[in-house]
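> here is a sequence together with a model predicted from it:
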Amino acid sequence: MRSVSDDRAIGSVPSWFVRAVTVGNITLVSFGAIGLAAATFGQFRLALVAPLAAVVAVVLVRLDLPASNHQPRGSARPSDTAFAIATLAFIGLTTGYGVLHHAEHIEINRDPGFYTNTAKWLLDEGSLVVDADTGPFEHDETLTFSEQGLPSPEPGTLHFQGNHLLPVLMAEAGWFGDSALFAAPVLLGALALASLYVVAAQRSSALPAFAVTVGVGGSLLWVAFARDAYTEVPSLSLVLFALSRLPWRDLPTRGAAVHIGLALGALCALRIDAPLLLLFWPIAIGAWWINDRVAARRATTALVAGFVPVFAIAMIDLFVRSPEYLDDLAPRTAALWVALSITVGVIALCAGTRRGRDLTSTLTMRWSAARRARSASAFAFTALALGLWFVRPRIETVRGPAQVSVEQLQQRLGITVDATLKYTEDSFAWQSWYLGPLLVALAIGGIALAIASPAVGRRLVAVVGCAAPASMLYLYRPNIFPDHSWVMRRYLTTLTPALAVAAAVALDALLRQRRSSSRFQTLFVIMLAAALATIPVVRAAPVRAAADQRGYVRAIRDTCDIVGPDAAVVVVLDPDDRLYQRIPQAIRGWCGVPVAIATPSFDRQHRIDLTEAWRRDGVALYLIGSDVADLESFCRGPSGTRVRAENPFLLEQTLTVRPARYSPQSLEFEVFDARGCG
């Protein structure tokens, strides 16, 4: 029998595959960072950004383009190459289907809406600032401009909420057309899947890595998030890329350490909660210093050199172009950075002093020698995980502040109405809804095995350590609206990759337990791998074509055709639909016309005066409202034009079950030419 601790054949990935993933992620960082810097200062232009970013990408890639994967074996077997090619084929099929069914999230109802609108504005205007009070709109106190996702730092000026690296990447894709802008998240998803395969194969073998990559890439998670403008998808790619450049037996080379730093810096440009994803890395650096201080000094210096420039660009963007967003989340963000600072301080004491290094080394050796303690810890972890999965939902009901939107969704779904319910007691069970119970069960076994076996633990410690802080926090309290699949955003960059890689390690361990009946055992493992890959795909099949706001661009372009290029638009208030909070920037960005929002003091006389003022500038004023009734008090006379888009492929909203059906979705409103009103 060959033991699972025999790692001589672990981790072979064809060098060309690793190189492709490296080039892809470094290109992401280079174009993202250079584009973000240009956008922050209002200079986002193809002629400036593309050549500079390309040069930077080439230089950074050449720092350390891996000839192998820095793992024990240096060459790939034919089967490894075959599985790598099969993985690329699967990613190609998934990506092609995603491109054909991508979202068109231009109505601002959730985060992807303002990211997409940011990208479009940046593509056409080259700036992250909107000067909305132009022409007769300027200084008109009956009008306002701020809408959901676009705060106003001063009258007439708008900022786009959030970190801006993802919109920059989408805008750069938009150089090839609006269709490419919408397809950019799908392509970033392809890179994330390729990065997942590398990390899983480095720590297991080709078959398990292929199985978990198909399982994740074919799951409902990927359907829900990899076709829309979610920061979690490129964040996942960068997290996995950083892990792929971190050898699990040696220290990284200087070039690899620079790449890790670049990826971690880019995470800070994607997400305001990035410190949660960085907490592991001071621990990794501390381990370097304990093992080899000379090599650790070189690697640490290189990592910091990669991290600081991108991090600086990220902070300038956040403080200069999104200060309102930063202020809103200041308490939580400050707590995360304090936690990271404390971690750095503790690790500095452990690794930076002789006493600390000696104590840490002693504890590590004792843990390695304490077989019974490791076995007991593995058993305790398994019991805890199973308890979270099966027991917690039966003994706990998580509640919090009441949310009207939760109550409304409960009423629509016909379930128990209680606006205080958060449903977080099911947070671990949610993972099996999307990834399948087999993958989750194998992942639990893989992590337990890593606790019990130091040889396996070396392979998984970085992956689990990177995911653990955020995973524990979000399993306890996700702090997000609890509908599905929205709530699963919290786990896509944290628990999901950890479960996937741990499942691959467990499957690989089964594959390596060679007995006299090895042929039947191998067949059994292959069947497990097939089931692991197939279950998530089958569960997602009924809603494989799901996409949010598919077809909405056509409605906005129809509006652009109605109003023409020489137009100005006022979106009126409505009591129920709140259209004025969701489409002004879409019309402003796609039609290229000034757009304002009526306040309660806007009346028929103001409409007449404003119509005449714009007419003198050769511009036609149009009014937009949810329906005719919203416009009648401003515009009497000829009827307007009804604009409508329908999307039959919206993934249903659920609270207590996995989404399994489509839900109808529509956008409709009236467009009135104010010149023809009485």
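Structure's in. What do you need? Numbers count the residues shown, from 1 in each chain.
> contacts and neighbour counts: CA atoms only from here.
OK.
> quick one: end-to-end distance for stretch 647-662.
Using CA to CA, to the nearest Å, the end-to-end distance of stretch 647-662 comes to 10 Å.
> that one: which residues count as buried?
For stretch 647-662, the neighbour count (16 or more other CA atoms under 10 Å) marks 647-655, 658-660, 662 as buried.
> what sits up against that stretch?
By CA atoms under 8 Å, 6 or more residues apart in numbering, the list of residues contacting stretch 647-662 from outside reads 224, 410, 413, 423, 430, 433-434, 482-485, 539-540, 542-543, 545-552, 663-666.
> in PyMOL, how would I select the buried members of those residues?
Only the buried entries of the contacts of stretch 647-662 go into this PyMOL selection, using 16+ other CA under 10 Å:
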select buried, resi 224+410+423+430+433+434+482+483+484+485+539+540+543+545+546+547+548+549+550+551+552+665
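> now the buried residues of stretch 647-662 in CSV, with distance to V391, pLDDT and secondary structure?
Converted to CSV, those look like this (distance: CA to CA, whole Å; pLDDT from 0 to 100; DSSP: H, G, I helix; E, B strand; the rest coil):
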residue, distance to V391, pLDDT, secondary structure
N647, 39, 97, strand
P648, 37, 96, strand
F649, 35, 97, strand
L650, 33, 97, strand
L651, 29, 97, strand
E652, 27, 97, coil
Q653, 25, 97, coil
T654, 22, 97, strand
L655, 19, 97, coil
R658, 19, 96, coil
P659, 23, 97, coil
A660, 25, 96, coil
Y662, 31, 97, strand
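> how about the residues you listed, which pair is most distant?
N647 and L655 (21.6 Å; CA to CA).
> and the helices in the stretch 151-300 of the chain, which stretches?
165-173, 178-203, 206-217, 220-225, 232-244, 254-270, 275-278, 280-291, 293-316 (DSSP state H, counting those that start in this stretch).
> state the mean pLDDT of the shortest one.
Spelled out, it's helix 275-278. The pLDDT scores in helix 275-278 average 96.
> same check, this time on the third one
When pLDDT is averaged along helix 206-217, the result is 97.
> tilt between it and helix 178-203?
Using axes from the mean of the first three to the mean of the last three CA atoms, to 10 degrees, the direction of helix 206-217 lies 150 degrees away from that of helix 178-203.
> any stretches of this structure with poor pLDDT?
1-11, 66-76, 514-517, 637-638, 678 (pLDDT under 70).
> ok, the residue nearest in space to the middle of it to G92 distance?
Nearest residue to the geometric centre of the chain (CA atoms, centre = their mean): E232, 0.9 Å. Distance of E232 to G92, computed by CA to CA: 20 Å.
> in the stretch 1-150 of the chain, which spans are helices?
15-40, 46-63, 78-100, 111-125.
> chain neighbours aside, what residue packs nearest to D124?
G589 (7.9 Å; CA to CA, 6 or more residues apart in numbering).
> what about A305, how many neighbours?
16 (other CA atoms under 10 Å).
> same check on S518?
The burial count for S518: 14, using other CA under 10 Å.
> do you know how far it is from F524?
For S518, the distance to F524 - CA to CA - is 10 Å.
> equivalent analysis for V308, please.
V308 sits 48 Å away from F524, taking CA to CA as the criterion.
> over to S205?
From S205 to F524 the distance is 16 Å (CA to CA).
> A500 touches F210, doesn't it?
No - A500 is not in contact with F210 according to CA atoms under 8 Å; the separation is 10.6 Å.
> that older thread, closest to A598 out of the helices of the stretch 1-150 of the chain?
Of the helices of the stretch 1-150 of the chain, nearest to A598 by CA to CA is helix 111-125, at 20.6 Å.
> the closest one packs against which elements?
Judged by 3 or more CA pairs under 8 Å, 6 or more residues apart in numbering; DSSP states H and E, helix 111-125 is in contact with helix 165-173, helix 178-203, helix 584-591.
> the same query, at a cut-off of 7 Å, please.
Under the contact criterion of 3 or more CA pairs under 7 Å, 6 or more residues apart in numbering; DSSP states H and E, helix 111-125 touches helix 165-173, helix 584-591.
> out of those helices, deepest packed?
helix 165-173 (a mean of 28; mean count of other CA atoms under 10 Å).
> what angle separates it from helix 111-125?
Angle of helix 165-173 versus helix 111-125, following the same axes, to 10 degrees, is 50 degrees.
> and the gap between L243 and G255?
From L243 over to G255 (counting by CA to CA), the distance is 14 Å.
> thinking again about what came up before, settle it for me: which of S205 and F524 has more neighbours?
Taking neighbours as other CA under 10 Å, S205 and F524 compare with S205 leading, 26 against 14.
> settle this for me: the more buried one is touching L507, isn't it.
No - S205 is not in contact with L507 according to CA atoms under 7 Å; the separation is 9.1 Å.
> contacts only, for the residue nearest to the centre of the chain.
Shown in contact with E232 (CA atoms under 7 Å, 6 or more residues apart in numbering): 489, 492-493.
> F669 and V643, how far apart?
5 Å.
> if we can go back for a sec, make TSV from the helices of the stretch 151-300 of the chain and add distance to E324 to it.
As requested, these are exported to TSV (distance: least, CA to CA, whole Å):
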stretch	distance to E324
helix 165-173	17
helix 178-203	26
helix 206-217	35
helix 220-225	26
helix 232-244	21
helix 254-270	16
helix 275-278	19
helix 280-291	29
helix 293-316	14
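> which residues touch R374?
451-452.
> the inter-axis angle of the strand or helix carrying C350 versus helix 293-316?
According to DSSP states H and E, C350 maps onto helix 330-352. Orientation of helix 330-352 against helix 293-316 (the same axes, to 10 degrees) gives an angle of 170 degrees.
> so helix 330-352 versus helix 280-291, what angle?
Using the same axes, to 10 degrees: helix 330-352 against helix 280-291 is 10 degrees.
> need the next SSE after helix 330-352, C-terminal direction.
Defined by DSSP H and E, the subsequent element after helix 330-352 is helix 354-369.
> CA-only coordinates of that next one in PDB, if you can.
This file holds the C-alpha atoms of helix 354-369, laid out as PDB (Å, rounded to 0.1, in the frame of the first residue of the first chain):
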ATOM      1  CA  ARG A 354      15.000  34.600  18.500                       C
ATOM      2  CA  ARG A 355      12.800  33.600  21.400                       C
ATOM      3  CA  GLY A 356       9.700  33.900  19.200                       C
ATOM      4  CA  ARG A 357      11.300  31.700  16.500                       C
ATOM      5  CA  ASP A 358      12.500  29.100  19.000                       C
ATOM      6  CA  LEU A 359       9.100  28.900  20.600                       C
ATOM      7  CA  THR A 360       7.300  28.700  17.300                       C
ATOM      8  CA  SER A 361       9.700  26.000  16.000                       C
ATOM      9  CA  THR A 362       9.300  24.000  19.200                       C
ATOM     10  CA  LEU A 363       5.500  24.100  19.100                       C
ATOM     11  CA  THR A 364       5.500  23.100  15.400                       C
ATOM     12  CA  MET A 365       7.700  20.100  16.100                       C
ATOM     13  CA  ARG A 366       5.600  19.100  19.100                       C
ATOM     14  CA  TRP A 367       2.500  19.300  16.900                       C
ATOM     15  CA  SER A 368       4.100  17.200  14.200                       C
ATOM     16  CA  ALA A 369       5.000  14.600  16.800                       C
END
